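Q: Pasting the sequence and the predicted coordinates here, then a few questions.
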Protein chains: 2
Amino acid sequence: MSNNEGPGRTVTLSDVARSAGVSIATASKALNGREDVAPATRARVLEAADALAFTPNPMARGLLAGRTGTVGVLTSDLEGRFMIPILMGAEDAFGAGQVNVFLCDARGDAIREQHHLKALLSRRVDGIIVVGRQTDPRPSLGQDLPVPVVYAYSPSDDPRDLSLTPDNYAGGRLAVEHLISCGRTRIAHISGDPSYAAAQDRLAGAHAALARAGLELVGEPMFSMWTEHWGRDAAAMVLQRHPDVDAIFCGSDQIARGVLDTARDFGRTVPDDLAVIGYDNWEVLARNSRPELTSIDANLQQLGRQAAQRVFDAIDGVDIGEGTYHLPVRLVIRGSTIARQ
Amino acid sequence: MSNNEGPGRTVTLSDVARSAGVSIATASKALNGREDVAPATRARVLEAADALAFTPNPMARGLLAGRTGTVGVLTSDLEGRFMIPILMGAEDAFGAGQVNVFLCDARGDAIREQHHLKALLSRRVDGIIVVGRQTDPRPSLGQDLPVPVVYAYSPSDDPRDLSLTPDNYAGGRLAVEHLISCGRTRIAHISGDPSYAAAQDRLAGAHAALARAGLELVGEPMFSMWTEHWGRDAAAMVLQRHPDVDAIFCGSDQIARGVLDTARDFGRTVPDDLAVIGYDNWEVLARNSRPELTSIDANLQQLGRQAAQRVFDAIDGVDIGEGTYHLPVRLVIRGSTIARQ
DNA sequence: TACCGTGCCGAAAGGGCTTTCGGTCTTTTC
DNA sequence: GAAAAGACCGAAAGCCCTTTCGGCACGGTA
């Protein structure tokens, strides 16, 4: 609660210079590793700076260079669990340097997003990461922004933008390949909202893997919601209509949890009678089920880190390219597909 | 990706002044609503600023001792689900005004926290919210900071600081009172890590409610981890040793999920044979169980909003007081304690 | 007419830093 | 031993804004 000005006044470069017995200019050069400073002098300055716990004022610095050392993260759904790992990855990559993150949550509202965008620009952020809530393309912020923009998770609908999004197609393929390699041939698919690109891409990947093995899905793929309840209901239908099914590829871990639940009700043991694989590798769910859930991890933290890195590069003038990049995903094997020996 | 310098150079105050035919000083005064500017002049300046889409450079502004319109949020565990609602609440309250949020994640590391604190101060934030990961007191950032600080979730260990934390004692009381009002008298308690203040406070609240009704816990309270697995194991022990138990108060929704699972294995129907109540009201878990889970909601978003409001007040010079405030929690009734009619 | 408020406006300082450029002092070269 | 070349350092300008304070013009009062 203190609000004093007291003796704890911030120490400035001139304090350091005075303490080291040099001019302000020399102190600046010494601290920034520039030429034309004798090693001895440089050491003296660094020592003084250290002793005084000097930290340069980014305001003054930014006033010159035009750079503020801040990056804006514009999310549309802070609540969603996809945001968090991405945000962490980004914060991670930035935190290593001298960059700070402005966080804005647009709550999925375009108006609010525009408002926040304006606020970020007026704060002179050096770059922006836009984090969407689905993997469906979203409207571009436009090409005429004064700072580089990278889209994460939701790609931009404008191919001139740079977007990073997880490769759901590969994820679907990976999941089914794993099931096949476990000796399963009667594979059903239960997924969430069919209007999500994620649902369609994963299905397409699954189909590709099946086709390559000369197989087909058991029954029609089932779509409805990304919830445990739906997983339970859908599993009941599948097990009734197709008792010979030996594996279920689920569109999310939540759905998979519901499937596991119903499987138990039907007296099917997992993984022996029925293999179940989830998606997202949401540990709270995947690691606490009985048995633990094999799942596909989208490496979101990695994605966030990459997005940050791209923004960095762009700020440094590197051409970071354009288009949508589909980042690799990863299979995490647990007990729901392979019995532990 | 545009990063031009071209003609789109940022427009400065002097551009506005020139365009309006006044001095820089007058333009500044006009835009900031200060005295000593004739209405006509002011209008002319505003018009010019608008036409040029002028936005003041926050660097230059912050260089002066003025306000920066930014607030720092220093979290220690971004991953934790308690952060998010608090963060949302804060972002909400700030977003309404003209304030932006600097987000820093210390990853639970004191060194990193100090580093981020420095960064925030050197960016001249107007205030700071410190969000902890547990309700246990945490070390104070100190009293000699140049900006107001509010602690959310984790209270500061220094009573001179202002802290907002959920009232776990009331939560425990509320949970047990609800069970009693449902006609239960044989109540057991399964909770998580006993070193958490949250675990102890909830237990104390539960004891208080029981005592008032002339009751006692069935068996000893069971502590271990905040996981579903533990919930399952602990429930098995309870149901074996105390078959007459008619309600279980769980320290978290995860634990409660495990308890529900085991109850089913034991052939106990919920809520008829056994009432189960969780804690945290984590909807993904609570709304997707069979039956849905009654739980205690800590109103974290509200807490975040209040923390932001307090920081606002402090910035405006209002005395916001000190000490730790325990904010009210709320009972959310679902099917695991009362059969739907 | 001489004087004094009052109302508006502008010159200039300042805030902390980087950078250019000229100046001093030491070293090398013929 | 004198001149040219380096090596090192400091004065000062500039980034964009806010704020103080002095100046100017105007209207009213003695």
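A: On my side now, so go ahead.
Q: Spatially central, which residue of chain A would that be?
A: A:Ile86 (2.5 Å; C-alpha atoms, centre = their mean).
Q: Just confirm it is within a strand.
A: No: going by DSSP: H, G, I helix; E, B strand; the rest coil, the assignment for A:Ile86 is helix, not a strand.
Q: And it, what's its pLDDT?
A: Looking at A:Ile86, its pLDDT is 92.
Q: ok, A:Ala106 - contacts?
A: Residues in contact with A:Ala106 (C-beta atoms under 8 Å, 6 or more residues apart in numbering or on different chains) are A:74-76, A:112-113, A:116. From N, CA and C alone the C-beta is placed, and that goes for glycine too.
Q: Excluding sequence neighbours, find me the nearest residue to it.
A: A:Glu113 (3.8 Å; C-beta to C-beta, 6 or more residues apart in numbering or on different chains).
Q: what's the burial count for that neighbour?
A: 21 (other C-beta atoms under 10 Å in any protein chain shown).
Q: measure the residue nearest to the centre of chain A to DNA strand C for me?
A: Going from A:Ile86 to DNA strand C by C-beta to the nearest atom of the strand, to the nearest Å gives 32 Å.
Q: Would you check that that residue makes contact with A:Ser154?
A: No: using C-beta atoms under 8 Å as the test, A:Ile86 is too far from A:Ser154 to be in contact (10.7 Å).
Q: Please identify every residue contacting each of those two.
A: Common contacts of A:Ile86 and A:Ser154 (C-beta under 8 Å, 6+ apart): A:Val131.
Q: Any part of the lowest-mean-pLDDT helix or strand in chain A near DNA strand C?
A: When each helix and strand of chain A is scored by mean pLDDT, DSSP states H and E, helix A:58-65 comes last, with a mean of 84. Yes: contact between helix A:58-65 and DNA strand C, assessed by C-beta under 7 Å from any atom of the strand, occurs at A:60-61, A:63-65.
Q: Are any of those buried, and if so which?
A: Listed as buried from those are A:Arg61; burial here means 16 or more other C-beta atoms under 10 Å in any protein chain shown.
Q: With distance to DNA strand D added, can I get the residues of helix A:58-65 next to DNA strand C in JSON lines?
A: Output for these, formatted as JSON lines (distance: C-beta to the nearest atom of the strand, whole Å):
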{"residue": "A:Ala60", "distance to DNA strand D": "6"}
{"residue": "A:Arg61", "distance to DNA strand D": "9"}
{"residue": "A:Leu63", "distance to DNA strand D": "4"}
{"residue": "A:Leu64", "distance to DNA strand D": "5"}
{"residue": "A:Ala65", "distance to DNA strand D": "9"}
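Q: from the residues of helix A:58-65 next to DNA strand C, which is closest to B:Leu145?
A: Nearest to B:Leu145 among the residues of helix A:58-65 next to DNA strand C: A:Ala60, at 20.8 Å, using C-beta to C-beta.
Q: For the closest one, list the residues it contacts.
A: B:59, B:63.
Q: Could you show which parts of the stretch 1-150 of chain A are in contact with DNA strand D?
A: The stretch 1-150 of chain A comes close to DNA strand D at residues A:22-26, A:36-42, A:60, A:63-64, as judged by C-beta under 7 Å from any atom of the strand.
Q: Enumerate the residues of the stretch 101-250 of chain A near chain B.
A: Residues of the stretch 101-250 of chain A found near chain B (C-beta under 8 Å from any C-beta of the partner chain) are A:101-105, A:112, A:116, A:119-124, A:143-149, A:160-162, A:227-229, A:232.
Q: For A:Val73, give its distance to B:Phe102.
A: In this view, A:Val73 and B:Phe102 are 11 Å apart by C-beta to C-beta, to the nearest Å.
Q: residues bridging contact with these two, i.e. touching both?
A: Common neighbours of A:Val73 and B:Phe102, using C-beta under 8 Å, 6+ apart, are A:101-103.
Q: closest to chain B among the residues you listed?
A: Closest to chain B out of the shared contacts of A:Val73 and B:Phe102 is A:Leu103 (4.2 Å), distances taken as C-beta to the nearest C-beta.
Q: Wasn't that closest one part of a strand?
A: Yes: according to three-state DSSP, A:Leu103 belongs to a strand.
Q: on that earlier part again, next step: the residues of the stretch 101-250 of chain A next to chain B restricted to helices.
A: A:112, A:116, A:119-122, A:228-229, A:232 (DSSP state H).
Q: Are whichever helix or strand A:Gln306 is part of and chain B in contact anywhere?
A: In the assignment (DSSP states H and E), A:Gln306 maps to helix A:300-315. Yes: with C-beta under 8 Å from any C-beta as the criterion, chain B is reached by helix A:300-315 at A:Ala314.
Q: quick one: contacts of stretch A:37-48?
A: A:16-17, A:19-22, A:26-27, A:29-31, A:54.
Q: switch the cut-off to 6 Å
A: If you take C-beta atoms under 6 Å, 6 or more residues apart in numbering or on different chains as the criterion, stretch A:37-48 is touched by A:16, A:19-20, A:27, A:29-30.
Q: near DNA strand C too, which of those residues?
A: For DNA strand C, the contacts drawn from these by C-beta under 7 Å from any atom of the strand are A:Lys29.
Q: which residues does A:Arg124 contact?
A: Listed by C-beta under 6 Å, 6+ apart, the contact set of A:Arg124 reads A:Thr68.
Q: One more pass at 7 Å, please.
A: A:68, B:57-59 (C-beta atoms under 7 Å, 6 or more residues apart in numbering or on different chains).
Q: Looking at those residues, spot the one nearest A:Ala211.
A: A:Thr68 (51.6 Å).
Q: Nearest spatial neighbour of A:Val147, chain-adjacent residues omitted?
A: A:Gly127 (5.2 Å).
Q: Wait, the one you found touches A:Val311, no?
A: Yes: at 3.9 Å, A:Gly127 and A:Val311 qualify as touching, with contact defined as C-beta atoms under 7 Å.
Q: higher neighbour count, those two?
A: More crowded of A:Gly127 and A:Val311, by other C-beta under 10 Å: A:Val311, with 29 against 25.
Q: Let me see the contact set for the more buried one.
A: A:71, A:127, A:129, A:148, A:150.
Q: pLDDT and distance to B:Thr12 added to the shared contacts of A:Val73 and B:Phe102, as a markdown table?
A: Formatted as a markdown table, the shared contacts of A:Val73 and B:Phe102 follow (pLDDT from 0 to 100; distance: C-beta to C-beta, whole Å):
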| residue | pLDDT | distance to B:Thr12 |
| --- | --- | --- |
| A:Val101 | 91 | 27 |
| A:Phe102 | 91 | 22 |
| A:Leu103 | 91 | 28 |
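Q: picking up where we left off before, columns distance to B:His326 and pLDDT on top of the contacts of A:Val311, output as JSON lines?
A: Converted to JSON lines, the contacts of A:Val311 look like this (distance: C-beta to C-beta, whole Å; pLDDT from 0 to 100):
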{"residue": "A:Val71", "distance to B:His326": "37", "pLDDT": "93"}
{"residue": "A:Gly127", "distance to B:His326": "41", "pLDDT": "94"}
{"residue": "A:Ile129", "distance to B:His326": "37", "pLDDT": "96"}
{"residue": "A:Pro148", "distance to B:His326": "45", "pLDDT": "93"}
{"residue": "A:Val150", "distance to B:His326": "42", "pLDDT": "97"}
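Q: for the residues you listed, which one is nearest chain B?
A: Here the nearest of these to chain B, counting by C-beta to the nearest C-beta, is A:Pro148; it sits at 5.7 Å.
Q: May I have the predicted confidence score for A:Ile315?
A: A:Ile315 carries a pLDDT score of 86 in this model.
Q: returning to that earlier point: between A:Val73 and B:Phe102, point out the one with more neighbours.
A: Set A:Val73 next to B:Phe102 and count neighbours by other C-beta under 10 Å: A:Val73 wins out with 29 against 21.
Q: Check which residues of stretch A:185-193 are buried.
A: Neighbour count says stretch A:185-193 has A:185-192 buried, by 16+ other C-beta under 10 Å.
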